[in-house]
Every structure is written in C-alpha cells, then in structure tokens.
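Participant: Sequence unavailable; structure follows:
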C-alpha cells in the first residue's frame, strides 16, 4: 500500500474490497427488483380495479415492500446492520414509537373529522337562529 505525505497529513490510497463491491451490486439489484415490483403493482392498480379487498391487499404488499427497501437501505448503506444489537435498538425503538405516534394522530384526526361531519348542523344559519334569542331593549334578557 502506498503512503503519501502532504504537509504532515498522511493519506492512504486503497481500493474497495471485492466483498464490498459484491455486496453493493447485490443490494442494487435487489432494490431495483423490489422497485420494479412496486411500480408494476402501482400501474396495475391504476389501470384496473379488482375490488376493494384485492386492492387493499395490493396496497398492503406495496407498503411491506417499501418497508423492506427502507430496512435494507438502512442496514447496508447506513451500516446499521454491522452494529451491535444495543445500538440498533437505540435507533429502531424510538423510530417505531414515532411511526406509532403518526398512525395514532392520523387515526384520531380521522375519527374527529367523522364525528364533526355526523353531528354538525346541516344548516348553520338556522341553527344559530334557534339558539340565540333577540336582546330586549334596555339591556340583557
């Protein structure tokens, strides 16, 4: 291995290990295949409709494939797969809690929206006229 010195700084030139190159190529091929499958499912859903149950199954498959891609990207390119278990748990558990919070807030917001739509008055002008009484001259009622 050749060492070069530039103003007191030592630089080392090295080539990537063959195992790393194979791992990067394998990862690129796997992510490309998953992406092509996701796009195929998306175009299939765009062009045709198989019914609510089958459409939901396809959408669930796309979500699962997206999570698989995210896991693989984090594991390989962010090198989390090479770390010790405690560090992985330190990162993954708060992330899962964050995802759970987002799902809970969306669920609660949707139920609030549905309650407002179910129990809101149909004609707000008439509703306000029924509730309020006119103020008598000379002060409050």
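Facilitator: Ah, there it is. The structure displayed is predicted, hence computed values, not measured ones.

Participant: Let me know the helix or strand that residue 56 is in.
Facilitator: Residue 56 is part of helix 52-76, with elements assigned from DSSP states H and E.

Participant: Let me know the next secondary structure element after that helix.
Facilitator: Using DSSP H and E, the helix or strand that follows helix 52-76 in sequence is helix 85-119.

Participant: Low-confidence bits of the chain, can you list those?
Facilitator: Within the chain, the stretches with pLDDT under 70 are 1-14, 16, 119-141.

Participant: Point me to the residue sitting closest to the centre of it.
Facilitator: Against the mean C-alpha coordinate of the chain, by C-alpha atoms, centre = their mean, the closest residue is residue 99 at 7.7 Å.

Participant: Going by neighbour count, which residues of the helix or strand hosting residue 29 are buried?
Facilitator: Residue 29 is part of helix 18-47, with elements assigned from DSSP H and E. By neighbour count on 16 or more other C-beta atoms under 10 Å, the buried set for helix 18-47 is 31, 38. From N, CA and C alone the C-beta is placed, and that goes for glycine too.

Participant: Just want the angle from that helix to helix 52-76.
Facilitator: Angle of helix 18-47 versus helix 52-76, following axes from the mean of the first three to the mean of the last three C-alpha atoms, to 10 degrees, is 160 degrees.

Participant: tell me how far helix 18-47 is from the chain's mean position?
Facilitator: Here the centre of helix 18-47 is set off from its chain's centre by 18 Å, with C-alpha atoms, centre = their mean, to the nearest Å.

Participant: Counting by contacts, list what that helix packs against.
Facilitator: helix 52-76 (3 or more C-beta pairs under 8 Å, 6 or more residues apart in numbering; DSSP states H and E).

Participant: Pull the residues that contact the helix it packs on.
Facilitator: Helix 52-76 is contacted from outside by 23-24, 27, 30-31, 34-35, 37-38, 41-42, 44-45, 49-50, 80-81, using C-beta atoms under 8 Å, 6 or more residues apart in numbering.

Participant: Equivalent analysis for stretch 41-48, please.
Facilitator: Around stretch 41-48, the neighbours that count as contacts under C-beta under 8 Å, 6+ apart are 55, 58-59, 61-62.

Participant: okay if I get these as TSV plus distance to residue 114?
Facilitator: Shown next, in TSV, are the contacts of stretch 41-48 (distance: C-beta to C-beta, whole Å):
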residue	distance to residue 114
55	22
58	25
59	21
61	27
62	26
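
Participant: I am finished for the moment; much appreciated.
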